[in-house]
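Build the 3D model from these lines:
(one chain, ligands or ions: 1)
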Amino acid sequence: MTEQAAMDGPIPLTILTGFLGAGKTTLLNRLLSDPALADTVVIVNEFGEIGLDHLFIEAVDGDMVLLSSGCLCCTVRGDLVAALEDLVAKRDAGTVSPFRRVLVETTGLADPAPILQAALSHPYLVTRYAIDGVVTVVDALNGYATLDEHSEAVKQVAVADRIALTKSDLLTDATRPEYGRLRARLRRLNPAAPLLEAAAGEATADALMGAGPFETSGKIPDVAAWLREEAYRDAEGDGHAHDHAHDERDQDSHDVNRHDSRVRAFCLTTDRPVPMAALDMFMTLLPSAHGAKLLRMKGIVNVAEQPDRPIVLHGVQHVLHPPVALPRWPDADRRTRLVFITRDLDESFVRRMWDAFTGTPAIDTPDRAALMDNPLSLRRG
Ligand SMILES: Nc1nc2c(ncn2[C@@H]2O[C@H](COP(=O)(O)OP(=O)(O)OP(=O)(O)O)[C@@H](O)[C@H]2O)c(=O)[nH]1
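Take a look at the predicted model:
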């Protein structure tokens with residue numbers, strides 16, 4: 001890494017996902033005309049697929065396209081990791097402009113988790129890129145049926161940091177009630193991700209980007225806005241994550257369909273500082289034993305050994321981003337807060353495991369020593 005690259009800090013990486021035909025490319029075209037996204041590199045699967053407005057395209061050089069907004073667009077046909085490595089190498093060598101952000105558009109059927117995992121688990125890439133967030137595009141008209149039919153779509157919603165709703169301009173009096181139910185369902189699957197309507201001008205670059213916990217500008221990140229743990233609490237308090245807004249209230253039991261009912265969103269909090277070793281064990285064992293079921297995990301932890309420097313964690317399935325210690329607490333709230341979106345993994349199981357590791361006694365629950373003496377006991381879901 002060059003000195004300049006090290007000074008620049010990690011490059012924010014945004015994943016744009018959403019089901020086939022949801023409106024990813026249309027949204028991308030709109031975003032790329034926003035000056036806030038100048039100096040962005042867009043990675044897509046095929047040029048043919050991206051359908052970028054031809055007016056945007058200034059020049060083509062190999063697999064790179066220069067857009068009139070100053071953004072670069074490059075294609076990958078498989079190996080995203082190689083493409084991300086190649087991009088930073090070119091940036092360091094000065095053969096591409098010093099871009100400040102990367103946006104990856106996935107194909108409609110893609111599960112975004114492996115993309116996140118690839119970036120989080122690669123020992124070099126994790127030092128050069130910081131996951132800024134997952135933007136999931138959901139079609140206001142077809143989204144409800146898509147969630148019914150495709151478990152991948154449910155997963156895309158579960159991992160989102162922001163949800164962009166498209167095609168709400170096409171709603172009619174007849175389809176509007178289902179749209180209300182779709183919004184309630186999205187809230188239930190993912191209580192914290194803001195729902196932003198593209199047609200209402202809400203899905204702007206500003207609103208969609210900057211969703212990550214790590215500030216590249218050196219400021220202390222707004223962890224509370226990133227975690228939105230209160231959204232999970234509201235959801236839990238209502239039995240099974242219901243939205244309180246009148247027009248988004250669940251109106252029929254079909255909302256809890258077979259895919260959705262496997263997904264849980266919940267939050268663990270504790271006032272008591274957590275010993276580093278206990279956190280380490282929890283964060284090693286939970287993903288290794290149940291990684292496939294951990295769709296998304298985020299948190300801020302008050303560690304006993306360094307109470308003034310909270311640790312920020314986030315992960316996807318088996319892979320955790322290396323923990324980052326903040327220089328200080330971002331606000332007066334010093335509680336440990338961990339939020340989870342899981343599939344086929346009960347809150348009570350994760351809670352019992354957390355309590356056992358952090359030393360919170362619970363009836364009929366083995367303590368940490370017992371769990372460590374018999375780690376197989378953790379594999380009971
Ligand atoms: N009316 C309306 N049409 C939209 C909106 N967003 C997308 N569309 C239309 O929906 C269709 C699909 O949009 P795309 O942007 O190609 O969708 P995509 O998610 O990139 O599609 P794939 O790459 O095939 O997965 C196109 O005909 C768009 O013009 C919207 O907000 N309103």
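
When you work out contacts or count neighbours from here on, use the C-alpha atoms and nothing else.
OK.

From Val339, how far out is the closest residue to the ligand within the stretch 251-381 of the chain?
The stretch 251-381 of the chain approaches the ligand most closely through His259 (21.0 Å), counting by CA to the nearest ligand atom. Remark: distance between His259 and Val339 (CA to CA, to the nearest Å) = 20 Å.

Also Ala89?
Computed as CA to CA, the Ala89 to Val339 distance reads 35 Å.

my guess is Lys24 meets Ile163, correct?
No: counting by CA atoms under 8 Å, Lys24 sits too far from Ile163 to count as a contact (11.4 Å).

now the helices: where do they sit in the stretch 201-350 of the chain?
Assigned helices in the stretch 201-350 of the chain, in chain order: 205-208, 223-227, 229-237, 276-290, 347-358 (criterion: DSSP state H, counting those that start in this stretch).

averaging pLDDT over each of those, which comes out lowest?
Comparing the helices of the stretch 201-350 of the chain by mean pLDDT, the weakest confidence falls on helix 229-237, with a mean of 72.

Neighbour count: Ala89 and Val339, which is higher?
Summary of the neighbour comparison: Ala89 and Val339, criterion other CA atoms under 10 Å, with Val339 having more neighbours (24 against 15).

Which residue, other than its chain neighbours, is closest to that one?
Cys267 (4.2 Å; CA to CA, 6 or more residues apart in numbering).

which residues of the stretch 51-200 of the chain score low on pLDDT?
Low-confidence regions of the stretch 51-200 of the chain, defined by pLDDT under 70, span residues 51-78, 108-109.

Enumerate the residues of it near the ligand.
Contact residues, the stretch 51-200 of the chain versus the ligand (CA under 6 Å from any ligand atom): Thr107, Gly108, Thr166, Lys167, Asp169, Leu170, Ala198, Ala199.

close enough to count as contact, the fifth one and Tyr179?
Meaning Asp169. No: proximity of Asp169 to Tyr179 does not meet the contact threshold set by CA under 8 Å, at 11.5 Å.

higher neighbour count, these two?
Under the neighbour definition other CA under 10 Å, Asp169 and Tyr179 were set side by side, and Tyr179 has more, 22 against 12.

List the residues that contact that one.
Remark: with contacts taken as CA atoms under 8 Å, 6 or more residues apart in numbering, Tyr179 is in contact with Ala140, Leu141, Tyr144.

tell me which element the nearest residue to Glu105 once chain neighbours are set aside falls in.
Nearest residue to Glu105 in three dimensions, chain neighbours excluded: Leu16, at 4.7 Å (CA to CA, 6+ apart). Here Leu16, judged by DSSP states H and E, is contained in strand 11-18.
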